[in-house]
Every structure is written in C-alpha cells, then in structure tokens.
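Trainee: no FASTA, just this:
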C-alpha cells in the first residue's frame, strides 16, 4: 500500500471520530481577543477594530459632503509620450535656428535618401520672445511612385511628422491616404463579393466572364454607385487622368501630366473643389480564374485617398498662418508673439509645443533654453469589439539616437557625444547639468572602403556625479533624513551607460538605480490598507490612518518583506510630515532609500485616505564599479570617487554596413546600409516598462548670447524624437522657431506664427525588394517595390499613396538579417502570433508534401483575410503573402506582407519560417487644413507636405513645459536664463522580450494551489485546500463540497478508495511509462491536476497523439503510479 493510500485512510479515520453533523474549524485555538493587533511606538489614540485591507480603486469622484474636511483634488502624473527637438538657448543662438528631421525626431526624415519634407525655423531677436513671423514651418513636396506601375508617380509631403499626398502635385492641397496596398499584397473576390475599402467606399465584382476574360466592377460610396467598368486584364483598363512623370529633386521638380490608358486598372477619379480628375481610387486587376464554387478575380495595387482634401493655404495650423505658397512648398509662420516665459510650455499646434527651461544653472545669467516637442497622451484602451480574446500586445523597445555622423573621408577631429547631442544621456535643463561623454579619437576611422574599424583604445566613455536638489527641498525647504545633522537637501546623480543612477555618498563608483522621483505637483492618494506598487519590488502601505490625531502608520516592503514601518503626524512641524527610510548599503551608513511628504489625511467615501507628495525612491541594490570590470566591449580603466573612465582596451568595433554593434549596457552603434560612406549614430535602447523622454538639442539665451542670429531649427540630426531612416539618410520633419521670436532677458514669448512644424513623405524601399528583388502586391502592375514613409509629430507613419496627409502607423518591418526575431519568425501549425495593433497571424495548415501554407490574418479577433501560399512553384514571388485593404477611400492598401522562407517538420508539428514581415495599421490619420494640434494649426495639408504654425502664443516661462503639438513639448529650465529643448515621451507599458527569442508563456499560480491562474476559477484558494477539476477550491477531505468536514465525507472517502484501490490493481501495468514521465514533472510518482491540464493543451496543439493523451488521462483518473527514469 503506497503513502498516498495510507494518508487518505488515516484522514477518513480521523473524520469518522467527529460526531455526526459537527464541523471542523479551519483555524485551531488562538482565536480569542478583540482582533485589534498591535500598534507601533508613538501611535496615539484608542485602538479601533481592524478593517479588512481590500484593494479599493482610487476615487475619481469627489466624496459626498460630510462634516469632515473635504479632500484636496487628486493629481497624478500624466501618462504621455514626449519627443523633443534640439535644445536652443534664445539668449545665445545664432538666428535662424532650424529644426528638421535630423535634429527633431518628431519631423519626417528618410535617412537612406537623405530626404526631409518639413522644417521648423526660429529667428529670435530678443531672448524671451519669438515675434510674430519669427517661427516658420515649411513643408515640401517630394516625388513618390504609385505601387501600380500603370499610373505613374505622385507627390508626397511630410506634415508634422506624418505622410500625405499632395493632390495633383499641389503642396497646399493635401489628402490623407485612406488605404494603399503594398506591391505584393493581393485580394481575391468571388462574383458578388463586396470589398469594404474604408471611408464609406466598397468595391463589388458584379460579373466575371471567363470566356472573354472580363470582370465587371462597381465602386460604391455609402451604398450609392459612383463608378463602374469592365476590365480585361492585360488588355483593356480605364484611362488614368493626370498621369504624372516627375523629374528633378526636392525644391526643383518638373512635372509632365497627361491622360494615359491602362491595360488592367480600374480607376475612379472625381473633381474635388477646384481640383479636377483627383485619383480617388484605383486598383489593378491581376487575374480572373475559376474558383471552387464561383469565378474569382484577384486584385493588386489598390489605393484610396480621402475625397475631401485639406487646403492648408486657407486654414493654417494652430497658431501658424500661411505666409508663402509655391509650387514646391508651403511656409507657415506664427501669427502672434510667443513669449518665452521660464519653465513654461506653449502650444504651437495641437501636437507641437515649445518648452522653456526653468533656468537654474546658477551662472547668474538669464538663459532662455527652449525646444520644440511633440506630446501624445496615452490612449485609453479600446473595448473589445467581439467576445473573442485577442493576444496581449507587447510594446516595442524605445530607441533614442544620438547625432548622426556621415564620414566620406578621413576622420580629422574627435567625434564626441554628450547630453547636448545624444538624448540618451542624462540632462537637467534647470541647472544645465550633464556628465556623460562618449568620444572616438580623431583618425580612428580613415575611409569607408578600407578602414571602418574603431581600434583598441580609440573609444572612451567618462562619467561623474553632480549634485541635484531634492524636489522636497526645492519646493518646501525640507530635508530628507540621513546620517548628516539636519538631513540632506539633495543627492548626487550620475548618468551611467545612458541610465540614471544615484551616486551614494558622492562616490562615482557606487551607484543605485533611481526608481521614482515625483515632480513638484505630482500626488498619490492611498486608502487605508492599500498597497501601492512603487516599482523595483517596493510597496508602500498606509496600514492605518487616524483622523482624530492626523496620523498615518506607513509600512514599506520589498518583495513582500517589510523593511520599515513608521508613524507620521501632520500635527507638528512641516519637517514632521516627511517619512524617510534609510539603509546601510554599499558600505555606506544611513543612505536615504525612500522618502515622501504627507500632504493631507482626510475621510474618503468608504475609508480614510492619505495623500503623499515628493516621493523619492532608489533601489537598495548597489552597483559597485571597479577597475578591470567589463561592460560590453568597454573596460573600466580608472575609478575614483569623482569619475569613472571606460575604454575599448581589448576589443575593436567594426562599423560594417547595416550592423548594430553593442558598446556597453543599453548603448549601441547603428550603421547605415550604405557602402559609400560611414554613416552611423549611437543609440540607447530601453525595454523596461516606463516613460522615457526623448529630447532635442538645447537652446540657451543669456547675457552673452541674448538673441539668436538665425532661426532655431530641430530636425533628425539634433532631435532624436523625429523619425530618421539611417540606411538611405532619410528624414522629413523639422520644427523651426523664427530667429527673432525670442530675446534675453525681455522676451520669452513665441508669438503667433513664429513656430513652424513641417513634414513630407519620402520613398522607402521594402526590405523584401532590396534583398530579394521581390515586390509587395498592390494595385500597381508587378506590385510595389517600396512605400512612402513620413515622420509626423515625432512618430513613424506610412503615407498612403504618397499622400502627406493620409497616414497609417507603421507597426512592424522586419529587417533582412539572419537573426530570429529581427529578420525571421517561426510559427507552428495553429500558433497565433500577435503582431501588434490587434493584428494576429495564424498558419492554419502547413502542407509539407504540397509545400504550401494556409494563412489567416485577424484583427481584434475578426478574420480579415486568408490565403494559401504555394512555395514549390519555382517562382519566389509566389512565396509572398500580402493582405490589402481599402482604407478611407484608398483601395487595396498593402497592410500586411511576409515572405515564406521555408516549411519543415518540427518535433511536434509542422513549422513555417517567414521573413520580411511588414505591417501598418489599417486606421488612417487624415490631416486637413485648419486642424489643430496643441498650439499649432495646419496651414498646409496636401500630398506633398504638411505645415503647421502656432496660432497661439507660446510662453517659455521658467520651469514650465509648453505644448507645441499634441505630443511634442518644450521643456523650459527653471532658471533666469532662457534654456529649453523640445522633447517627446515614449512609453513602454509592459515588459519587452529580448529580440533573439520569444520566451514561453509563464503560467502563474498566485494562490499556490497547484492550478495555474489560467484555469483556476478561484484565485484565492486558502492554504491547504485542494482544487477540483472545475477549478474550485475545497478543503482536503470535503467530498461533498459543503465547506465542512463531517462523517458523511468520511464515508464517501472510503467508498472512493475502494474503487481506487481496485483500479490501481488493474490496468496501470498496460501504460507506456515513457509517456507518463512526460507529465510527472514534479517527479513524485503521480500525474497531478496541473500537468493533466498541460496534457489537455498538448493534445489540442498536436504535441502528443490522442492515444498518448488517453494513457495520461487514465493514469490521472485511476491514480496509476509513474516509475522513475532509472527503473
């Protein structure tokens, strides 16, 4: 008789000793007392009954009126993304200062082609003011190709980082591209099928005649037919009006236009306003053939633009009005003065803003540092459209680039990156503090053909700590407890490998990660008993709140273990309101790890509430840096209390084309895929959840530099928030402040029309075409070899059909490299791959004999498309799967495409490997003239470009954050000097997996009952309970589930054992022990509930056969023992 049988019988005997109908209590003894527990020293007042600590959401509505003191409004940090441009000091800048996609990452820039479509220029004449007309935003049109080769080219335009089409080539009439198919995307429709294109448009195949190879097509808008044609593929199509052939270069294009016949294209053109023959929709009929149940037509190269374009010349953008319109560009200027108040944020357009630093550098000179930035509020989660669950979307890592270097000859000077030209390095605009420096010795890189290597010892990194005042001391003049008499008024901060640390004891080589620091107006409210997850495993709990004596009993824990508890009173001095937890770490005594200020205690709706401010937290794990330590390719050469120096002492760094070279920590060098130059930049990559600020170059105006001589311009080169395509040197976005708009010390206001944001689309080749010469299905014959990309408001978009004002978010683009997760993805049969944006790709079936894969593409649980890809035809183009959709009037926009690299047999199921994955969102952003974004207003929105100007003044007051557009801001130093920079914020909501490999899904068991939460119906099963097959917890021995242990349960136990003992004696010897051992993961000789659930999943996913599953199930149900491996 085995151990389990003996235990069960013993339990039954014990239960039989209970009188019939009696209960067994779960807790034995020790239950007396009033349950009030104990109180910490110093707690005043009569103990009150203990309340159960339940997690109550923070109240959003104000409590009902009671005789108690009303709570102050609850304020919490705003969730937003901020990308700033290069910082300019209005007191010292040389006007004009120009922001483009090179120094303002919010503007569009195509690095591969070195094309920029918009710019923002500032001409500040006085340090604190941008006069009307001194901030200019210019958007240029750039040539782009339709994916359909039958219909020629068109002009795209960047518009505040987004991409649009210039209608009939006019940069001041822009229309968003609703839908554009990639050149390899295809769509099949049977006779009678309706294809919803978006924006109210739909395409219907009314008839297919195989005898004459013709398809009858009708296009509808809101149910009304607007066009119809009969297309005979490769023979007869519609005429395309305003066919364009473009020559020249940006700013000097020549255009020929004519009406051209097509052989396979269905075209819908309409007169829109003053524009004739606007190509609203076109699609290429690729083939017609006989289907299983009905005849089928296959379409490519569809494109649909909005039929209501925006005339930027009439509306302007935000505070910007149209100043100049040419056939090539539109220029907008601020229509009123913009004051650069210190510590202020001024809206230029809806998304574009200017931030002025709160000058606190202590140089006794008023600086007016400012920058443009794009700010984007965090979207609220949209409800599920269907009950079908969608996969969890993991945010991509945040990449912050430094200044781009482009070497075509010998490197004659040191290449230096610091906080001013590398936004990954830490910087404080208020006190103009920075400390990190990365330097490549002059002469290290001699030529792009024969010397692309940084030799040993040629790359040096240095850092040191700088003093930083606590927000608590700056705003309240209070100190944080420490081993110093009277406490500390500040701490020493140190940037290390592009991350933020606190140098404890002012030691450069003893670093603790800075986890939280509240700004001066940030607040957090806690209910009685609520545990607040601060970060890094730390939690703060307000165990009790005594309103009578205005006291709070705090407990600080880490990883579930209490570190400290203390009573804080609001009745004494202001200093008494400060709670500090200190610890001896890194051989340093009484280091302040956590501190907060109790702002108020009050009565809430259901329980008492405490409000805290000036929260500060560092990790209590110390990183100690010693000579000889290595970080990536770098080795620590010297360490002192004041500075740390690292050098590539024993390793070279090869800047080969199209490579990513790890330097140290989160810092990399990214090199362009261009053999004619050494073009590269440093990049900091962050994957931990959090909010990351991406800033531009700092602007500073003071007594020695009171007014810039030129416009202040941020583009890709000095604002890492703006999009940049390194391989082709492409950028599109610029943010410009007129050089005369600011002056020091009298003018910190950017008047209307002095801030300009510009963008335009640029052509980008698909990786698929670049590497393999294959195309993406679209409405163009032969498919598309590229698409038009546009930076808009510091984000990356695809300009549909080269329309600067019709933008779709670029979600995924695999690079053509031989590495899993970056260039390749493997999927097993039936596996769901969450691509992002709600999209999921599933290989339904993988046929090895037929060398075919049946794909389905879903969004938000709804199937969008399914197609069988044949890999054995001998034509590599057949390996390309494309999904096209009609988006906002654009037909057959290529939304998703991938290349099937291989199909093969895996361990448990067949596997497909895909490459060159490309995905855009099918929700289009359409920009119209007159649209507002922050303090900016759209003054030009057409296919060639987008221009916004500030239609309101932007005050760069010290210590403020001023909105420029919806997601670009200026951060202004809290200083008399006008010092500021543009920035955007990037948010990572969840943990980001390493790109090399996707980890298996972790099955958590929060209550430790042996059943993963995925299947557990009760996630709070008490300790010692079992869980039945329904996922419901029961006490051990509670056979009838009544929550009691009685003699009835004992009888049921013995009856069950009689059957179990019989089953164990027969049948178990017939089982395959090899299979059973697969599910005896605990190696205790039995198959338990958890691993039986895994077997159920494995058989559904074809990882085990039905026969193997039945054996596991029999062993589980009949308690068959599992023999160890060595038997």
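Mentor: Arrived safely. A quick note: this is a predicted structure, and the numbers were derived from the prediction, not measured. Numbering: from 1, shown residues only.
Trainee: dump the residue contacts of residue 948.
Mentor: Applying CB atoms under 8 Å, 6 or more residues apart in numbering, we find residue 948 in contact with 137, 159-160, 316-318, 320, 332, 348-349, 352, 756-758, 933, 936-939, 965. Where C-beta positions appear, they are placed from N, C-alpha and C, glycine not excepted.
Trainee: count the residues that sit near the residue lying closest to residue 145 once chain neighbours are set aside.
Mentor: Among residues not flanking residue 145 along the chain, residue 153 sits closest, at 5.1 Å (CB to CB, 6 or more residues apart in numbering). Close neighbours of residue 153, defined as other CB atoms under 10 Å, add up to 18.
Trainee: was I right to think residue 153 contacts residue 141?
Mentor: No - between residue 153 and residue 141 there is no contact under CB atoms under 8 Å: 11.4 Å.
Trainee: what about burial for the contacts of residue 948, which qualify?
Mentor: Buried members of the contacts of residue 948, scored by 16 or more other CB atoms under 10 Å, are 137, 159-160, 316-318, 320, 332, 348-349, 352, 756-758, 933, 936-939, 965.
Trainee: residue 678 bridge partners, please.
Mentor: residue 407 (DSSP bridges).
Trainee: going forward, count from 3.
Mentor: All right, first residue 3 from here; so that's residue 680.
Trainee: tell me, what's the model's pLDDT at it?
Mentor: Residue 680 is assigned 93 on the pLDDT scale.
Trainee: before we move on, what about residue 76?
Mentor: 38.
Trainee: and what of residue 468?
Mentor: Residue 468 is given a pLDDT of 94.
Trainee: quick one: it and residue 374, what's the gap?
Mentor: 26 Å (CB to CB, to the nearest Å).
Trainee: which one's more surrounded, the two?
Mentor: Taking other CB under 10 Å, residue 468 and residue 374 do not tie; residue 374 has more neighbours (55 against 17).
Trainee: please verify my assumption that that one contacts residue 99.
Mentor: No - judged on CB under 8 Å, residue 374 makes no contact with residue 99 at a distance of 10.1 Å.
Trainee: list the contacts for the residue nearest to residue 224 when sequence neighbours are not counted?
Mentor: Once flanking residues are discounted, residue 224 sits nearest to residue 202: 4.5 Å by CB to CB, 6+ apart. Residue 202 makes contacts with 223, 224, 891, as judged by CB under 8 Å, 6+ apart.
Trainee: the last one: neighbour count?
Mentor: The burial metric for residue 891, expressed as a neighbour count using other CB under 10 Å, is 29.
Trainee: likewise for residue 470?
Mentor: 20.
Trainee: correct me, but residue 285 touches residue 207?
Mentor: No - with contact defined as CB under 8 Å, residue 285 does not count as touching residue 207 (11.1 Å).
Trainee: between those two, point out the one with more neighbours.
Mentor: Shown here are residue 285 and residue 207; by other CB under 10 Å, residue 285 has more neighbours (33 against 24).
Trainee: per-residue pLDDT of the more buried one, please?
Mentor: 95.
Trainee: can you tell me the SS state at the residue lying closest to it once chain neighbours are set aside?
Mentor: Nearest residue to residue 285, sequence neighbours excluded (CB to CB, 6+ apart): residue 304, at 4.0 Å. Here residue 304 is recorded as strand under DSSP: H, G, I helix; E, B strand; the rest coil.
Trainee: tell me who's in contact with residue 304.
Mentor: 181-183, 189, 199, 283-286, 780-781, 886, 888, 892-895.
Trainee: can you turn the buried part of those into a ChimeraX selection?
Mentor: This is the ChimeraX syntax for the buried subset of those, where burial follows 16+ other CB under 10 Å:
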select :181,182,183,189,199,283,284,285,286,780,781,886,888,892,893,894,895
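Trainee: number of nearby residues for the residue nearest to residue 944 when sequence neighbours are not counted?
Mentor: Distance criterion CB to CB, 6+ apart; nearest residue to residue 944, sequence neighbours excluded, is residue 176 at 3.0 Å. Using other CB under 10 Å, the number of residues around residue 176 comes to 44.
Trainee: what do you get for residue 326?
Mentor: 12.
Trainee: do a quick rundown of the helices in the stretch 203-352 of the chain.
Mentor: 314-317 (DSSP state H, counting those that start in this stretch).
Trainee: how about the strands in it?
Mentor: Along the stretch 203-352 of the chain, counting by DSSP state E, counting those that start in this stretch, strands occupy 203-211, 216-223, 226-233, 241-251, 254-263, 267-274, 277-292, 297-307, 312-313, 322-327, 331-336, 340-342, 346-349.
Trainee: looking at those, which one is packed in the most?
Mentor: Among these, ranked by average contacts under mean count of other CB atoms under 10 Å, first place goes to strand 340-342 (a mean of 38).
Trainee: for that strand, packing partners?
Mentor: In terms of contacts (3 or more CB pairs under 8 Å, 6 or more residues apart in numbering; DSSP states H and E), strand 340-342 is packed against strand 131-132, strand 353-360, strand 751-752, strand 956-957.
Trainee: most tightly packed of those strands?
Mentor: It is strand 353-360: most buried of those by mean count of other CB under 10 Å, with a mean of 42.
Trainee: need the phi and psi values for residue 1097.
Mentor: phi -60, psi -40 (degrees, to the nearest 10).
Trainee: same check on residue 212?
Mentor: According to degrees, to the nearest 10, residue 212 has phi -70, psi -20.
Trainee: quick one, grab the pLDDT at it.
Mentor: For residue 212, the predicted pLDDT is 81.
Trainee: what's around it, how many residues?
Mentor: The number of residues near residue 212, taken as other CB under 10 Å, comes to 11.
Trainee: tell me which element residue 923 falls in.
Mentor: In this assignment (DSSP states H and E), residue 923 forms part of strand 912-928.
Trainee: partner strands of the next helix or strand after that strand, with direction?
Mentor: Downstream of strand 912-928, the next assigned helix or strand under DSSP H and E is strand 934-935. Applying DSSP bridges, strand 934-935 is found paired with strand 938-943 (antiparallel).
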